[in-house]
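Enquirer: build the 3D model from these lines:
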Amino acid sequence: MTTINKHDLPVLVQLLQRANLISSCIWIFQPDRSTVCTMRKLLAEVREELANQYQLLNNKTDDDTNCAAPEQRAIGTSH
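Expert: As a prediction, the model looks like this:
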């Protein structure tokens, strides 16, 4: 039997309800192993994609900031 983290179960139920895969009146169910494995794989892919987008965003922001900053030079005068 596959065990699901107690925090993951309500999220799983909500997702299945929104997709009309289970009725809102079902209180207890046991998803099959393939469903759980598929969801874990999809979640891992989403996490990886978000991490890549975050990294690209940060790199782009850093590059834009560095390129847009004017070069500063100190001009000194002596008396």
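
Enquirer: compute the number of surrounding residues for Thr35.
Expert: 13 (other C-beta atoms under 10 Å). Glycine gets a C-beta too; all of them are placed from N, C-alpha and C.

Enquirer: low-confidence regions, the protein specifically.
Expert: Applying pLDDT under 70 to the chain picks out residues 1-7, 20-32, 60-79.

Enquirer: buried ones in the longest helix seen in it?
Expert: The residue-count maximum for a helix in the chain (DSSP state H) belongs to helix 33-68. Neighbour counts over helix 33-68 (16 or more other C-beta atoms under 10 Å) mark 36, 39 as buried.

Enquirer: and it, what does it pack onto?
Expert: Using 3 or more C-beta pairs under 8 Å, 6 or more residues apart in numbering; DSSP states H and E, no helix or strand is in contact with helix 33-68.

Enquirer: repeat that for 10 Å
Expert: Helices and strands touching helix 33-68, as assessed by 3 or more C-beta pairs under 10 Å, 6 or more residues apart in numbering; DSSP states H and E, comprise helix 8-18.

Enquirer: now the helix it packs on and helix 33-68, what's the angle there?
Expert: 90 degrees (axes from the mean of the first three to the mean of the last three C-alpha atoms, to 10 degrees).

Enquirer: in PDB, list the C-alpha atoms belonging to helix 8-18.
Expert: Taking Å, rounded to 0.1, in the frame of the first residue of the first chain, the C-alpha atoms of helix 8-18 are listed here in PDB:
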ATOM      1  CA  ASP A   8      -0.200  16.000   0.600                       C
ATOM      2  CA  LEU A   9      -3.600  14.200   0.900                       C
ATOM      3  CA  PRO A  10      -5.800  17.300   1.100                       C
ATOM      4  CA  VAL A  11      -4.000  18.800  -1.900                       C
ATOM      5  CA  LEU A  12      -4.400  15.600  -3.800                       C
ATOM      6  CA  VAL A  13      -8.100  15.400  -3.100                       C
ATOM      7  CA  GLN A  14      -8.600  19.100  -4.100                       C
ATOM      8  CA  LEU A  15      -6.700  18.500  -7.400                       C
ATOM      9  CA  LEU A  16      -8.800  15.400  -8.200                       C
ATOM     10  CA  GLN A  17     -12.000  17.200  -7.300                       C
ATOM     11  CA  ARG A  18     -11.200  20.100  -9.500                       C
END
